[in-house]
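>>> Predicted structure and sequence below. I'll ask about it afterward.
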Amino acid sequence: METFFDENGGIVSLSFAKNSFDKQPEHVLVICKMGKNWLLTNHKKRGLEFPGGKVERGETLKDAAYREVFEETGASISRLQFIGEYQVSNNGVTFVKAIFFGQVDKIEDKEHYLETAGPVLIDGNLLELRWGKDYSFIMKDQVVEKSMNRILELE
């Protein structure tokens with residue numbers, strides 16, 4: 001397990017194992033690829049980031065991952081793989097997110113993408129590109145970097 005600070009000063013602990021924390025994950029982060037391109041969503045407030053969100057009542061983590069990716073991008077995941085989980089503690093609030101890698105086989109146009117402006121495919125070195133002003137603070141922390149490196153190792 002690794003511990004570091006995020007962009008907002010929160011303490012982040014990252015593990016590539018299940019059930020690493022006292023709390024169960026209630027959120028998902030889904031790092032997506034379609035072919036050789038990374039699939040992001042354009043969050044209306046935060047900017048470009050991987051899809052994700054809160055697990056709804058009665059949903060499994062995997063169900064939430066499939067749903068969030070579809071809601072925010074219109075994408076259908078053909079293969080979903082657990083990568084790890086991380087815990088964030090900041091100002092007395094603590095939450096845990098599960099990290100998945102999703103391979104996307106198709107994207108359909110939707111009328112609404114909820115709090116996002118829909119899908120964005122990125123070709124190139126996302127680990128370098130993510131520092132641009134259009135990217136969310138979420139993309140700039142070590143969770144994304146270490147998780148993407150883990151995915152690249154597993155591919």
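Nice, I can see it.
>>> Please look at I31 and K146 and confirm they touch.
No. Contact criterion Cβ atoms under 8 Å: I31 and K146 do not qualify, at 11.0 Å. (Glycine included, C-beta is placed from N, CA and C.)
>>> okay, which residue is most central for the chain?
In the chain, the residue lying closest to the centroid (Cα atoms, centre = their mean) is L29, at 2.7 Å.
>>> Name the strands paired with the helix or strand hosting it and say parallel or antiparallel.
Applying DSSP states H and E as the criterion places L29 in strand 27-34. Here strand 27-34 is paired, per DSSP bridges, with strand 37-43 (antiparallel), strand 52-54 (antiparallel), strand 93-107 (parallel).
>>> Show me the one of those that comes nearest A64.
Closest of the strands paired with strand 27-34 to A64 is strand 52-54, at 7.2 Å (criterion: Cβ to Cβ).
>>> ok, back up a step: neighbour count for I31 and K146, which is higher?
Using other Cβ atoms under 10 Å, the more surrounded residue of I31 and K146 is I31, with 23 against 18.
>>> For that one, give me its contacts.
Contacts for I31 (Cβ atoms under 8 Å, 6 or more residues apart in numbering) come out as W38, F50, I83, I99, F100, F101, G102, V144, S147, M148, I151.
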